Every structure is written in structure tokens, then in C-alpha cells.
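A.B. asks: Predicted model and sequence below, questions to follow.
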Amino acid sequence: MSRSRASIEEPLLSPSSSTSSFAEAVESSADDPSCPSPEDPPTNDDGPSPTAQPGVLAIEATTQAWTGHSLTTAYIMIWFIYFVETLLAGTTAALIPYVTSAFSMHSFTPTVSILSNVVGGVTNLTIARIIDVFGRPHGLILCVCLGTLGLLIMTICEGVAVYAAAMIFHTVGNNGVQYILAVFIADTTKLENRALMQALMNSTGLITGWVAGPLAQRYLGGLGWRWAFAMFSALVPLVTLPLFGLLMWNYKKAKRMGLVRERKTGRNALQSVIHYSREFDAIGLCLVSAGVTLFLLPFNLHTLAGNDWASPMVVGMFVVGIGLLIAFASWESSFAPIRLLPYSLLMDRTVFGACLLCTCLFGSYAVWNSYFGSYLQVVQGLSVEEASYVAQAYTVVSVVFAVLAGYIIHRTGRFKTVSLVIGIPLSMLGQGLMVLFLAPGNTGYIIVCFLLISVSQGVLVVTDEIAILAAGSHEHVAAMLALVSIFGNIGGAIGLTIAASIWSDVLPSRLRQYLPTEELPDLHKIFGDLAKQLSYPVGSPARIAIQHAYEDALSRLLLVSTGIWVLGAVGVLMWRNINVKQVQQSKGHVW
């Protein structure tokens, strides 16, 4: 595949210039004829590799220039960013059922996330190009703006459609921030320490897991869920902008030290737009995003159409989605000057296995967890705060065992065995056993099963990332993390699709079967509104019927989710048993 690049040389502004100086400067040596081609193996000297892309050169120059104090400060800032991001994720997870219920669309709780998951996953490939061409800080500030815009739209949305659109901006932006932080951690750590450092940065979940639930409860009982999103729209830029400033300051320091070359491209504005559209494969990005989305949505929306699967709208979306995916494959194989997907990396069995595991990891979790919070409230009788505590236990336990897995990798250099011995078996065991304890009154057993799944997820998230990073060089870090991210997000979208499809098919039929005759006129309202379901007292005939319907639907979801792990095990078996202690990637002042 042709990986040739157009000249990327723009004038460098003075150290006191705006943030555009970084973008213009880091492109300086991308296509210098004196530099080896991107296919050449990276060097292992102490200076920035001449074979790397401009953004990689920029971060390597930055790590050459900064001190241990600057690196420590950067990681403290990252910890606070993760704190806000995990608090936002936990609070949003508790609020989403009430947001959809506010518009009488509770059954579409996972559907509103499908578009954002698909687009959020695919756009990480574009973000990877942005941070490799322009630099890490510019990708960070772009994602902060998108995420904040999404949160602001959530505060004023008046329907599920607008909320779903806001979720796209929110997911692209906030997932992009966390993705760039993961790339930065990979830039500034040795491979053998990377898993441990990533897990430590995610240790914020040990705190936010117990804060998110009460916070969501306070907003629901007071100002309302809109003000929760408004608060985070201020917090996200507040904690991310200092890291942006630190990176810019240290880059300019590296520039003053002569670690960055400066040249000009001579392109005008129109030529730059054309160049970067080609560089980021804008056509391929639009085709795959629209194709995957239109292919998946019919599985969720068919129940809204009058003729079910025979609806012209459903059939049309399905056919157009498949057509766009075929067009994407044709475009990438025959016409794209620079391909969106790094197929050369996919040919490595460790990389492909890591992508397969990530798809199963997020897909399986999305299948059974989409309605788990609602189940805890309706069937087990927990409050929003109590249900959130159970849900956030996933974050707490997974963080602890992610740190332990990272320490094991740090000590042994191996990551495959721990996945096969702990990760896959515990996930299948936890989900399989949970099917047996879905009846009311089994909250303790449910929590035990949930903790088994949490241990598994904490281990697998760490080992999966290390597996794909161990298979390539430093200049491919952003592309590999974006690659595994898109598979994870599409896996999550597939899981949400399966969940919504099963739920929409099973729950209404079971409600119709179990509900007392006098409640059948309200069947649609009961199906679509969590608050309506909770309005029936525990022990009443209607509540018992609703609980029974929930058990039937969730058992289907858990069985499907457990079966997905067969493919996940295949993915792990494909990995090479690499010793990360023998892999040298990062340069400069790193941990």
C-alpha cells in the first residue's frame, strides 16, 4: 500500500505566538527528502527519530527537553483529567435512563449511544492522524471543544434525537481526550511500565465510583439532570487546558534548544484543505461511519416502524448501509491515496487478535450491561444511588486488578498468560452464574457475579492494550491505539444493537403475558418509562409482572454475552507471547 506523503512544511512562528506555532512547527520535517521513508525501522539513538511523523517528532523533542519535574506535573494533571472523566462517565451512566424516560423512550437507552459509539470509534483514526501530523496538544484542544459542545447541547435538548446528536459530540470529544492521554502515556513510558502507569492514572475510579451515584441522585432530586451536564461542561475544559499549556511550553523549550527543524510548505489555504482531506482520508471516514451506523440502526429502530422489518425505512437503511460499506472497501483498496485503516498492522496476528478481543470485550459488556442499572432498581428494589454504587463497583474493582495486572507485566514482561488464566474464564463464569440469580432478593449473589466480571475486565483492558502496542514501534503508537479503539467502539455499538433488539422483542411480549388485565392499556407507557415501572409498589401484582419480564429479557442478554467470549478467547490465543522487557520504543525523559 502506498504511504507516500505530501510535503508538510509550514513557517514556524515566534515562541510567543499562539497555539498555531506548534502545528506549523511540528510538520517541518515530515517529507524532507533527506529523511528516510516512514517504512524504515525506527532508530534507537537518543534524539528524535528522523523516520517518525511530525507529531511523533514533536513529542520526542518535548520529552528530550523537559525535566523530571515537568513530567511529574504532567502526570498529576492527567490524573485530575481522568478523575473528571470517570466522574462524568459514572454520573452520565446513572442519568441516561432518566433522560430517555423524560421523553418516554426508556427502551431506547442503548440506541441513543450507538451513533456516538460508531462515530467516536472511527474518528479516533482521524484524531490519530491529527496528533501525528500537528501534534498531541492540538488534538487535545480539539477534543476538549467537541466534548464540551456535546455537554452544552445536552443541557438544552428537548428530545431523544437532539440528545443522541449531542452524544456524538460528547463521545467523540471525551473519548478523544482519553485516547490522547493514552497515547501520551505511551509516549512517556517504557513498554514494561506502561500498563502499570495507565492503571495508576485510572485509579481515580477508586474515588469517583462512590461519588458518581450520590451526585446523580442529588441532581435528580434537585436541579435536574440538565444541570449535571452543565457542571461538567465547565469542569472538562478547566482540568484539561493546563496540560495543553504545559505541553506547549515544553515544546517551545525544545524548539529553543534546537531539537526541531523548521521548513515551509508553500501551500495556500485551499491547498491545505485538500492536502489534509487526503491525509486524513475524509472520504473513507465518511463512508465507514455512515455505513456502519446505517447497518446497525435498523436492528434498534425496526420496532418503531409500522411494518416492523418490512418497513421501507428499515430496509432502506439496511441496504444503504451495506452499500456504503462495500463502497468503503472499494475506495480503500483501489482509490484512497492514504488509507484510513493501517492494513499492514492488521496483518500481524497479535494486532488482529487484540482487535478481536477488544471487540468482544466491549460488545459483551454492552449486551448485558445496557439495562443492568434499570434491572437493579426495578427487580432488586435499589435506589438510584444504591444501583450506582453497585455499577461503580465495576470501576473500583477493575482499577485495582488493572494495577495488579500492570505490576505483573512490569515484573515478568508477559501479558498473554494472565489473560488466559484470569481474564477470559472469570468473565464467562460471572456472566453465566448471574443468569441463575436474577430473581428478586438475590442482590448479594448478583454483586458477587458482577465483581467476578469486574476483575476480568480490569485484567483484559490492560493486557489487550499492551498486546497491540508490543507489536509495533513508537511511531505507530497513535495508529495502533486508534485501531483498537475503533474495534472497541464498534464492538460496543454491536453490543448495544443486540441489547436493544432483544429487549424490544422480549420485554413487551413478556409484559403482555404477565401484566394484570387492568394494566394492559398502559403497556406501552410501562415499557417506555422507567419511572412508571418504579411507580408500582414492590410486591404488587403489576410490579411482580414487570420484574418477571425483566428477568426473562436479561437472561437472554446474559446468555448471548457469555457466548461472545468464545471469540474473545480466540483473539487472546492469536497473540504472540512477547516479552515486553525486551521491547524498546519510547525516547527522551520517560518512566
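C.D. replies: It's in.
A.B. asks: Tell me how far Ala493 lies from Val119.
C.D. replies: Distance from Ala493 to Val119, counting by C-beta to C-beta, to the nearest Å: 9 Å. In short, each C-beta sits where N, CA and C put it, glycine included.
A.B. asks: Hmm, I typed the wrong one, I wanted Pro508.
C.D. replies: From Pro508 across to Val119, the span is 29 Å (C-beta to C-beta).
A.B. asks: neighbour count winner among those two?
C.D. replies: Val119 (24 against 19; other C-beta atoms under 10 Å).
A.B. asks: In stretch 438-445, which residues are buried?
C.D. replies: Residues of stretch 438-445 classed as buried: Leu438, Pro440, Asn442, Thr443 (neighbour count, 16 or more other C-beta atoms under 10 Å).
A.B. asks: Can I get those residues in a markdown table including distance to Thr86, secondary structure and pLDDT?
C.D. replies: Formatted as a markdown table, the buried residues of stretch 438-445 follow (distance: C-beta to C-beta, whole Å; DSSP: H, G, I helix; E, B strand; the rest coil; pLDDT from 0 to 100):
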| residue | distance to Thr86 | secondary structure | pLDDT |
| --- | --- | --- | --- |
| Leu438 | 28 | coil | 87 |
| Pro440 | 31 | coil | 86 |
| Asn442 | 28 | coil | 85 |
| Thr443 | 24 | helix | 85 |
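A.B. asks: closest to Arg278 among those residues?
C.D. replies: Of all the buried residues of stretch 438-445, Leu438 has the smallest distance to Arg278: 52.7 Å, by C-beta to C-beta.
A.B. asks: For the closest one, give me its contacts.
C.D. replies: Going by C-beta atoms under 8 Å, 6 or more residues apart in numbering, Leu438 touches Tyr375, Val379, Ile446, Tyr550, Glu551, Leu554, Ser555.
A.B. asks: Now intersect the residues you listed with the helices, please.
C.D. replies: In helices, judged by DSSP state H, the following of the contacts of Leu438 are found: Tyr375, Ile446, Tyr550, Glu551, Leu554, Ser555.
A.B. asks: wouldn't the first one be in contact with Gln547 here?
C.D. replies: No - contact status for Tyr375 versus Gln547: not in contact, 9.1 Å apart, counting by C-beta atoms under 8 Å.
A.B. asks: Mind listing the shared neighbours of these two?
C.D. replies: By C-beta under 8 Å, 6+ apart, no residue touches both Tyr375 and Gln547.
A.B. asks: Break the protein down into its domains, please.
C.D. replies: The record's domain split for the chain, according to automatic domain parsing, is 68-258+341-582, 291-340.
A.B. asks: all strands for this protein, in order.
C.D. replies: Assigned by DSSP state E, the strands in the chain number zero.
A.B. asks: Check it and tell me which residue is nearest its centre.
C.D. replies: The centroid of the chain falls nearest to Asn175 when counting by C-alpha atoms, centre = their mean (5.2 Å).
A.B. asks: How about the contacts made by Val519?
C.D. replies: I think there's a mix-up here, since residue 519 is Glu and not Val. Applying C-beta under 8 Å, 6+ apart, the residues near Glu519 are Ile526, Ala542, Ala545.
A.B. asks: how close does it get to Gly381?
C.D. replies: Glu519 is 19 Å from Gly381, by C-beta to C-beta.
A.B. asks: Could you do Leu200 as well?
C.D. replies: Distance from Leu200 to Gly381, by C-beta to C-beta: 37 Å.
A.B. asks: Now Ile494: closest residue in space, sequence neighbours ignored.
C.D. replies: Distance criterion C-beta to C-beta, 6 or more residues apart in numbering; nearest residue to Ile494, sequence neighbours excluded, is Gly363 at 5.1 Å.
A.B. asks: wait, isn't the one you found in contact with Thr497?
C.D. replies: No - Gly363 lies out of contact with Thr497 (C-beta under 8 Å); the separation is 9.3 Å.
A.B. asks: who touches both of these two?
C.D. replies: Counting by C-beta under 8 Å, 6+ apart, nothing touches both Gly363 and Thr497.
A.B. asks: ok, the residue nearest to Ile494 - contacts?
C.D. replies: Applying C-beta under 8 Å, 6+ apart to Gly363 gives the contacts Gly491, Gly492, Ile494, Gly495, Ile498, Ile564.
A.B. asks: burial measure for Met347, as a count.
C.D. replies: Neighbour number of Met347 under other C-beta under 10 Å is 9.
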